[in-house]
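>>> What follows is a predicted structure for the sequence shown.
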Amino acid sequence: MNDTRSPPPGRDTITGVILAGGQGQRMGGRDKGLVPFRGRPLVAWVIAAMTPQVAVLVINANRNLDAYGALGYPVIPDGLEGFQGPLAGFATAMAAVSTPWIVTAPCDGPFLAPDLVARLGAALIGEGAEIAVASDGQRLQPVYALIPVRLAPSLHAFLAAGERKIDLWYARHRVALADLGDRPGSFANVNTEADAAGLQAESPP
């Protein structure tokens, strides 16, 4: 049974959060969300796949805020300085949204599964968990997650203690795994120029 302190996750209760706040170190410092991919910025592919699955969409970015804003969705920079990683993006989103749930995905994964949110929600409810995280059938995909906003105090305390490792924060809570082993290609991401070139020719999974 789902935790009674949060309403059940459903499209109308979830804000999608696209994580575009990284430094892009393996891309030579380029802002990965804005890297062109098949004629559109990478982030545009994620937006197209996520918007039908959520009530509201926001973009967590720390650079090129005007460029992201031009895509038509609210842009929220990290509350912590210095590119603190995905958990900083989670915390920033939790403070900014009005829905009881957020679902997160990176800006550099152009083939986001069209049923990702539904599968995360089903796994969470089925296992009576607090958080649901996607798996590609082989390993955890920790930045594809469904998280209740009520866990914001836990996350803030974790970050305030100097912790940044996502798996260590998850370990403090009941986590359900959503198995997307039938869609492993939906987690393909662009970390390097070679990744971008390799994915150009692939068909969406």
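It's in.

>>> Would you double-check that Val103 falls in a strand?
Yes: under DSSP: H, G, I helix; E, B strand; the rest coil, Val103 sits within a strand.

>>> Give me the neighbour count for it.
Neighbour count of Val103, defined by other CB atoms under 10 Å: 26. Where you see a C-beta, it was placed from the backbone N, CA and C, and this is true even at glycine.

>>> OK, contacts around it?
With contact taken as CB atoms under 8 Å, 6 or more residues apart in numbering, Val103 is in contact with 14-17, 50, 53-54, 116-117, 120, 145-147.

>>> For the closest residue to Asn64 other than its chain neighbours, the count of nearby residues, please.
Spatially, and ignoring its direct neighbours in sequence, Asn64 is nearest to Asp31 (5.2 Å; CB to CB, 6 or more residues apart in numbering). Neighbours of Asp31 under the rule other CB under 10 Å: 22.

>>> Same check on the one 3 residues further on?
The burial count assigned to Leu34 is 19, neighbours taken as other CB under 10 Å.

>>> from here on, count from 19
In the new count, where the first residue is 19, that last one comes out as Leu52.

>>> Assess the claim that it and Pro59 are in contact.
Yes: using CB atoms under 8 Å, Leu52 is in contact with Pro59, at 4.8 Å.

>>> which element is the closest residue to Leu198 other than its chain neighbours on?
Nearest residue to Leu198 in three dimensions, chain neighbours excluded: Ala152, at 5.5 Å (CB to CB, 6+ apart). Assigned by DSSP states H and E, Ala152 belongs to strand 149-153.

>>> Adjacent strands (with direction) for that strand?
When pairing is defined by DSSP bridges, strand 149-153 lines up against strand 158-166 (antiparallel), strand 193-197 (parallel).

>>> what about it, distance to the chain center?
Relative to its chain's centre, strand 149-153 lies at 11 Å (CA atoms, centre = their mean, to the nearest Å).

>>> Can you list the buried residues in that strand?
Ile149, Ala150, Val151, Ala152, Ser153 (16 or more other CB atoms under 10 Å).

>>> and the first one, what does it touch?
Contacts were defined as CB under 8 Å, 6+ apart; by that measure Ile149 touches Leu142, Ala163, Leu164, Ile165, Pro166, Leu169, Tyr188, His191, Arg192, Val193, Ala194.

>>> Repeat that for the fourth one.
Listed by CB under 8 Å, 6+ apart, the contact partners of Ala152 are Leu134, Arg137, Leu138, Leu158, Gln159, Tyr162, Ala163, Leu195, Ala196, Leu198, Phe205.
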